[in-house]
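A.B. asks: my questions are about this predicted structure, shown below with the sequence.
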Amino acid sequence: MKVMGSATLFFEAIVIGLTMPVAIAIYGVPKSQAIWTAVGLMTLCFAAIGAIRRERRVAVVTGTFVQVVVLISSIWVRPMLFPGLIFTIVWLLAVKLSEKTPA
């Protein structure tokens, strides 16, 4: 969970940041809404990364919340659907595999 979960959330934060200009320019999402949403989701990703070592349960809940919000946001920004699904699958795989392996 430490490595796979951290990498998943880190790269998801990068993808969220890169979809912000797409949401503004192509899909007409208001600039302030796109910026605040992207910054908020990126902050949650980094907070979950920091919590993975000490508070695993908090990290799993926060990471799962980010996955759900990203999938919901793909309603407005269609290109976010495919990466959102991929990151959700990898996140669930990381959580499932961490339950089977000892810490």
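C.D. replies: Arrived safely.
A.B. asks: max-length helix in the protein?
C.D. replies: helix 2-25 (DSSP state H).
A.B. asks: and it, what does it pack against?
C.D. replies: helix 31-51, helix 56-73, helix 81-100 (3 or more CB pairs under 8 Å, 6 or more residues apart in numbering; DSSP states H and E). Where C-beta positions appear, they are placed from N, C-alpha and C, glycine not excepted.
A.B. asks: so can I have JSON lines of the ones you listed showing mean neighbour count and mean pLDDT?
C.D. replies: Putting the helices and strands packed on helix 2-25 into JSON lines (neighbours: other CB atoms under 10 Å; pLDDT from 0 to 100) gives the following:
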{"stretch": "helix 31-51", "mean neighbour count": "17", "mean pLDDT": "95"}
{"stretch": "helix 56-73", "mean neighbour count": "18", "mean pLDDT": "95"}
{"stretch": "helix 81-100", "mean neighbour count": "15", "mean pLDDT": "93"}
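A.B. asks: of all those, which lies closest to Phe11?
C.D. replies: Smallest distance to Phe11 across the helices and strands packed on helix 2-25 (CB to CB): 7.6 Å, for helix 81-100.
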